[in-house]
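Q: From the sequence below, what's the structure:
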Amino acid sequence: MSFRDEISRVIATDPRYSLEAYAFVLESLHVARNRKIREARRLERERERDRASRPVKGRGARKAKSEAVSGHVSGRQVCLAARRLALREYGMLALPVLARWGLHSTSDIGEIIYNLIASGDLDKTPNDRREDFDDVFDFEVDFRPAPLHEDDPEAQEDD
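A: Residues are numbered from 1 along each chain as shown. From the prediction side, this is the model:
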């Protein structure tokens with residue numbers, strides 16, 4: 001079954017969000033997971049450098065095992081990844097693009113994630129809550145174009 005077919009099944013149960021909204025939220029989830037894994041690897045490299053720079057004590061000293069990093073991310077992490085992705089992909093048009101798809105707040109991101117959990121397409125942990133997505137940031141504030149200031153040389157017109 002294709003992505004479009006699977007998501008069409010989910011959209012049929014909750015038509016508030018377009019196919020593009022689901023694709024965007026899933027891409028945001030992917031971005032959040034990748035960011036978490038990259039950060040964990042960076043921290044592990046730093047720990048390894050710290051361990052390598054310290055003298056080994058005693059004959060029985062062993063190298064610490066690296067733990068596998070979970071790909072699970074929080075609702076907040078998904079929402080912040082969505083903000084970064086929207087600004088990178090759509091810039092000043094992020095707000096109207098997302099609105100056209102039915103995304104008006106971080107709560108909508110949570111609705112989509114929980115629709116996908118209900119359909120069996122995503123998993124959750126016992127600590128995950130739908131409310132984790134509420135009010136992470138304000139679309140109207142964070143996606144508003146920055147005003148041009150009169151003291152900005154690029155904003156001034158040539159005379």
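Q: Run through the neighbouring helices and strands of the helix or strand of the chain with the lowest mean pLDDT.
A: Lowest on mean pLDDT, DSSP states H and E among the helices and strands of the chain sits helix 3-13, with a mean of 86. Packing contacts for helix 3-13, counted by 3 or more CB pairs under 8 Å, 6 or more residues apart in numbering; DSSP states H and E, involve helix 19-53, helix 106-118. Bear in mind the C-beta positions are built from the backbone N, C-alpha and C, glycine included.
Q: Would you mark the buried spots in it?
A: By neighbour count on 16 or more other CB atoms under 10 Å, the buried set for helix 3-13 is Ile7, Val10, Ile11.
Q: Could you do stretch 137-145 as well?
A: Buried-residue list, stretch 137-145, by 16+ other CB under 10 Å: Phe139, Phe143.
Q: again, but for stretch 74-84
A: Residues of stretch 74-84 classed as buried: Ser74, Gly75, Gln77, Val78, Cys79, Leu80, Ala81, Ala82, Arg83 (neighbour count, 16+ other CB under 10 Å).
Q: out of those, who's nearest Glu48?
A: The closest of the buried residues of stretch 74-84 to Glu48 turns out to be Gln77 (CB to CB; 24.7 Å).
Q: Next one: the closest one from Glu131, what distance?
A: 15 Å (CB to CB, to the nearest Å).
Q: Could you do Lys124 as well?
A: 13 Å.
Q: do Ala40 as well
A: 26 Å.
Q: Then Gly71?
A: Distance, Gly71 to Glu131, using CB to CB: 22 Å.
Q: Repeat that for Asp142.
A: From Asp142 to Glu131 the distance is 20 Å (CB to CB).
Q: And the closest residue to Arg4 other than its chain neighbours, what's its pLDDT?
A: With CB to CB, 6 or more residues apart in numbering as the criterion, Arg4 has its nearest non-adjacent residue at 6.7 Å, and that residue is Leu19. On pLDDT, Leu19 comes in at 93.
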